[in-house]
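Chemist: model this:
(one chain, ligands or ions: 2)
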Amino acid sequence: MEGVDHLASERSRAQFDVEEMKVVWAGSRHALEVSDRISRLVASDPAFRKDNRTSLSRKELFKNTLRKTAHAWKRITELRLSEEEASRLRFYVDEPAFTDLHWGMFIPAIKGQGTEEQLQKWLPLAYKMQIIGCYAQTELGHGSNVQGLETTATFDPQTDEFIIHSPTLTSSKWWPGGLGKVSTHAVIYARLIIDGKDYGVNGFIVQLRSMDDHLPLPGITVGDIGMKFGSGAYNTMDNGVLRFDHVRIPRDQMLMRVSQVTREGKFVQSNVPRQLVYGTMVYVRQTIVADASCALSRAVCIATRYSAVRRQFGSQNGGVETQVIDYKTQQSRLFPLLASAYAFRFVGEWLKWLYTDVTQRLQANDFSTLPEAHACTAGLKSLTTSATADGIEECRKLCGGHGYLCSSGLPELFAVYVPACTYEGDNIVLLLQVARFLMKTVSQLGSGKKPVGTTAYMGRVDQLMQCHCAVQRAEDWLKPSVILEAFEARSARMSVACAQNLTNFANPEEGFLELSADLTEAAVAHCQLIVVSKFIEKLKQDIPGKGVKEQLEILCNIYALFLLHKHLGDFLKTGCISPKQASLANDQLRSLYSQARPNAIALVDAFDYTDHFLGSVLGRYDGNVYPKLYEEAWKDPLNDSVVPDGYQEYIRPMLKQQLRNARL
Ligand SMILES: CCCCC/C=C/C(=O)SCCNC(=O)CCNC(=O)[C@H](O)C(C)(C)COP(=O)(O)OP(=O)(O)OC[C@H]1O[C@@H](n2cnc3c(N)ncnc32)[C@H](O)[C@@H]1OP(=O)(O)O
Ligand SMILES: Cc1cc2nc3c(=O)[nH]c(=O)nc-3n(C[C@H](O)[C@H](O)[C@H](O)COP(=O)(O)OP(=O)(O)OC[C@H]3O[C@@H](n4cnc5c(N)ncnc54)[C@H](O)[C@@H]3O)c2cc1C
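Modeler: Numbering: from 1, shown residues only. Ligands and ions are numbered 1, 2, ... in the order given. Coordinates of the predicted model:
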């Protein structure tokens, strides 16, 4: 039935003010207003239609993305949208495109690693889209190991130029988004060679294509690397391959904030850490954490609404069946994901603050918080993207068979999202960076250097190695101090155990390799502690709105106790809690699921997603799933004709043959 809200009774059960929760989710009243207005603008514009993506060929799909991107830019300029509004518009258009890399990496790379003159020259062109750029770091042979990149940038003092060259097949740039077919320029990473000496990897701005006819400039070979996982999905993006054959660029196109090359060919290292060459990755990893909450909340919104619509079993004599959301098993799979979406939102907010803080400090030549910013962005990027990719797939299963249909929106969401576990740093490689940071922290504990920031708890390591959890009743698990102590003790004990194990190896690097699986587990424990503690910190703020804080407290406890349940082995093995306390935590978790149940639909409504953005028949706001699924099926191109193409050639002869055989 059109116009009827099938989820109205669910909505009427909510025990909190949904409008106020929307403000919490958006981050502020202003952010909510902008998101709400821009999402509706996109949803009401037929040019941004996206329901036909999975049935388009690659070429059609790509051209369609070019059309949408041009239309989006037209709207942004016509309406004179602010940077914030423009970025929301691109977000709600919801299609990976070259602009993601232009705005998300090319511009930040120049901003972070360029000198003042370089910013003045390149940024106005990039902001007006008079040039389009990408970020070309990864090569065919090396992605994770940035120090292993092979592309060279050799200084020629005669001409005051760098000669950019790809000496081997494996040095071909491979993967950069926007490179394959669109970008006119790139920030590329190459080994700086002066007078035969290798000064390591640095960034350079290189023009790739002619501004007149878009053809590659002399010495440049460039193209798309081919179809990727899933239909539609990330195939709207032209991930590319790029080779240089002695391409010359002026000396002032090396990004020279971190190090400089003088006219005489002298290498000068600035007063800033070399790691700032990796700064763009720190910036993007931080944004990826915020994106994780968006992707997960979207999947959870679909699965929650559908779970309230879908009914299976439980009826007597043909009466109404049970809503699947009322099954405890469904709740125990769905509600931790709902809680994770909120948890990632808040840790994303905090990480944005941390990043802003470190950037301001860097400007004042204070580099002290850079290692922590690197460890936090790397670790949280890894934790949240892995959990989100797994969570989207779980949401698909939570929707049963219908979740496997493209019209559920979930297969495409998964296919678009899952490379986040690999890009911007493979998740295991990043956890190993966190582990190095933790081992360094533990090794310095006796030296009088007090751990600060997210490792401050390590300063209480003696107490955390011995403390006994005080839980006696299930309700004790609702105390933030109890939860925090359990997570801190688990993390500290796992890190200390790894550090102790490492002392058994004569060669620490060998030990690190041998123990790397344990080390990644210690890193995960530390990152989970950060997420839990930032959720708890959020709850200390003044949060207005009837029942809003209470719902967030329930979600925070679900998140923490679910992790405790999932990683029970860690908590028991390290002696942080007893089996009896684990069982009480489980009792409490079940009770929390019951408390979340009446609010589930309102909690996903608070994400304020339009049906256009969700792109899911199962997740429709009105819950009118079955007629729409039925309608959608008939739109499939296979149903354009009643008898399929190929009947005459392949089906009919087979049937006739069977008939002849039968007569013999
Ligand atoms: C808009 C979204 C679309 C996304 C599209 C996707 C784009 C991409 O994927 S772009 C390509 C991204 N590539 C990567 O993320 C590569 C991952 N690899 C690395 O980041 C590095 O190679 C590494 C960190 C894994 C290792 O680097 P390496 O130089 O070998 O470093 P060490 O392990 O020896 O560490 C040296 C020292 O530097 C510190 N450090 C490393 N990275 C950073 C950083 N980003 N910021 C600050 N500090 C960093 C590291 O902690 C070590 O410190 P110390 O222990 O104190 O010496
Ligand atoms: C969709 C997509 C978009 C991308 N966009 C860009 C872009 O715009 N620009 C760009 O420059 N790059 C881009 N990339 C490349 C991306 O950054 C790399 O793929 C990523 O950094 C991983 O590197 P890799 O492919 O070399 O993986 P590898 O390092 O080869 O990983 C393979 C396996 O080895 C394991 N491994 C590697 N090193 C270690 C170690 N030290 N210890 C233990 N295990 C290890 C990994 O865990 C993984 O299981 C993109 C990639 C994808 C998939």
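
Chemist: What count of nearby residues applies to the residue in the stretch 1-150 of the chain positioned nearest to ligand 2?
Modeler: Proximity to ligand 2, evaluated over the stretch 1-150 of the chain using C-beta to the nearest ligand atom, is greatest for residue 143 at 2.3 Å. For the C-beta atoms, the positions are set from N, CA and C on the backbone; glycine is no exception. As a burial measure, residue 143 scores 18 neighbours (other C-beta atoms under 10 Å).

Chemist: how would you label it: helix, strand or coil?
Modeler: Put simply, residue 143 is coil when judged by DSSP: H, G, I helix; E, B strand; the rest coil.

Chemist: Any residue of stretch 339-356 touching ligand 1?
Modeler: No: contact of stretch 339-356 with ligand 1 (C-beta under 6 Å from any ligand atom) is absent, the minimum separation being 11.4 Å.

Chemist: got a list of contacts for that stretch?
Modeler: Applying C-beta atoms under 8 Å, 6 or more residues apart in numbering, the contact partners of stretch 339-356 are 25, 27, 282-283, 286, 289-290, 292-293, 296-297, 300, 369, 372-373, 376-377, 380, 384, 387-388, 391, 530-532, 534-535, 537-538, 552, 555-556, 558-559, 562, 607.

Chemist: try it again with 7 Å
Modeler: Outside of stretch 339-356, the residues within contact range by C-beta atoms under 7 Å, 6 or more residues apart in numbering are 25, 27, 283, 286, 289-290, 292-293, 296-297, 300, 373, 376-377, 380, 384, 387, 391, 530-531, 534-535, 538, 552, 555, 558-559, 562.

Chemist: Let's see the pLDDT reported for the closest residue to residue 257 other than its chain neighbours.
Modeler: Sequence neighbours aside, residue 113 is the residue nearest to residue 257 in space, at 5.0 Å (criterion: C-beta to C-beta, 6 or more residues apart in numbering). What the model reports as pLDDT for residue 113 is 95.

Chemist: And residue 51, by the same measure?
Modeler: Residue 51 carries a pLDDT value of 83.

Chemist: Just list the residues touching it, thanks.
Modeler: Contacts of residue 51 by C-beta under 7 Å, 6+ apart are residue 615.

Chemist: before we move on, which element is it in?
Modeler: In this assignment (DSSP states H and E), residue 51 forms part of neither any helix nor any strand.

Chemist: if I look at it, how far off is residue 297?
Modeler: Using C-beta to C-beta, to the nearest Å, residue 51 is found at 21 Å from residue 297.

Chemist: Residues of the stretch 1-150 of the chain that sit close to ligand 2?
Modeler: By the rule C-beta under 6 Å from any ligand atom, the part of the stretch 1-150 of the chain lying against ligand 2 is 101, 135, 136, 137, 138, 143, 144.

Chemist: neighbours of the fourth one, just the number please.
Modeler: Number of residues near residue 137 (other C-beta under 10 Å) recorded here: 25.

Chemist: List phi and psi for it.
Modeler: Torsion angles at residue 137 (phi, psi; degrees, to the nearest 10) stand at phi -110, psi -60.

Chemist: Leaving out chain neighbours, which residue sits closest to it?
Modeler: Excluding the flanking residues, the one nearest residue 137 by C-beta to C-beta, 6+ apart is residue 189, at 4.4 Å.

Chemist: Now do stretch 130-139: everything it contacts.
Modeler: For stretch 130-139, contacts defined as C-beta under 7 Å, 6+ apart pick out 98, 101-102, 105-106, 109, 125-126, 146, 149-151, 170-179, 182-189, 242, 280.

Chemist: now stretch 643-661
Modeler: residue 638.

Chemist: Report the buried residues of it.
Modeler: Within stretch 643-661, not a single residue qualifies as buried, counting by 16 or more other C-beta atoms under 10 Å.

Chemist: In the stretch 451-600 of the chain, which residue sits closest to ligand 2?
Modeler: For the stretch 451-600 of the chain and ligand 2, the shortest gap (C-beta to the nearest ligand atom) falls at residue 516, measuring 6.0 Å.

Chemist: was I right about that residue contacting residue 432?
Modeler: Yes: counting by C-beta atoms under 7 Å, residue 516 does reach residue 432; the two are 6.2 Å apart.

Chemist: what's the closest non-adjacent residue to the residue of the stretch 1-150 of the chain closest to ligand 2?
Modeler: residue 175 (7.0 Å).

Chemist: go on, residue 267?
Modeler: Leaving aside its sequence neighbours, residue 267 sits nearest to residue 199 (C-beta to C-beta, 6+ apart; 5.2 Å).

Chemist: same deal with residue 564?
Modeler: Nearest in space to residue 564, with sequence neighbours left out and distances taken as C-beta to C-beta, 6+ apart, is residue 585 at 5.4 Å.

Chemist: what helix or strand is the residue of the stretch 251-400 of the chain found nearest ligand 2 on?
Modeler: Across the stretch 251-400 of the chain, no residue is closer to ligand 2 than residue 281, which sits at 8.7 Å (C-beta to the nearest ligand atom). Using DSSP H and E, the secondary-structure element containing residue 281 is helix 279-309.

Chemist: in the following helix or strand past that helix, what's buried?
Modeler: Next helix or strand after helix 279-309 toward the C-terminus (DSSP H and E): helix 328-363. Residues of helix 328-363 classed as buried by neighbour count (16+ other C-beta under 10 Å): 330-351, 354-355, 358, 362.

Chemist: Could you do stretch 30-48 as well?
Modeler: By neighbour count on 16+ other C-beta under 10 Å, the buried set for stretch 30-48 is 32, 34, 35, 38, 39, 41, 42, 45, 48.

Chemist: Repeat that for stretch 75-94.
Modeler: For stretch 75-94, the buried set under the neighbour-count rule, 16+ other C-beta under 10 Å, comprises 75-76, 81, 85-94.

Chemist: ok, now which ones touch residue 125?
Modeler: Residues near residue 125 by C-beta under 7 Å, 6+ apart: residue 131.

Chemist: typed the wrong thing, it's residue 443
Modeler: By C-beta under 7 Å, 6+ apart, the contact list for residue 443 reads residue 499.

Chemist: From ligand 2, how far out is it?
Modeler: As judged by C-beta to the nearest ligand atom, to the nearest Å, residue 443 and ligand 2 stand 20 Å apart.

Chemist: Then residue 208?
Modeler: Residue 208 sits 14 Å away from ligand 2, going by C-beta to the nearest ligand atom.

Chemist: Who are the contact partners of that residue?
Modeler: Counted by C-beta under 7 Å, 6+ apart, residue 208 has contacts 183, 184, 185, 186, 216, 217, 220, 222.
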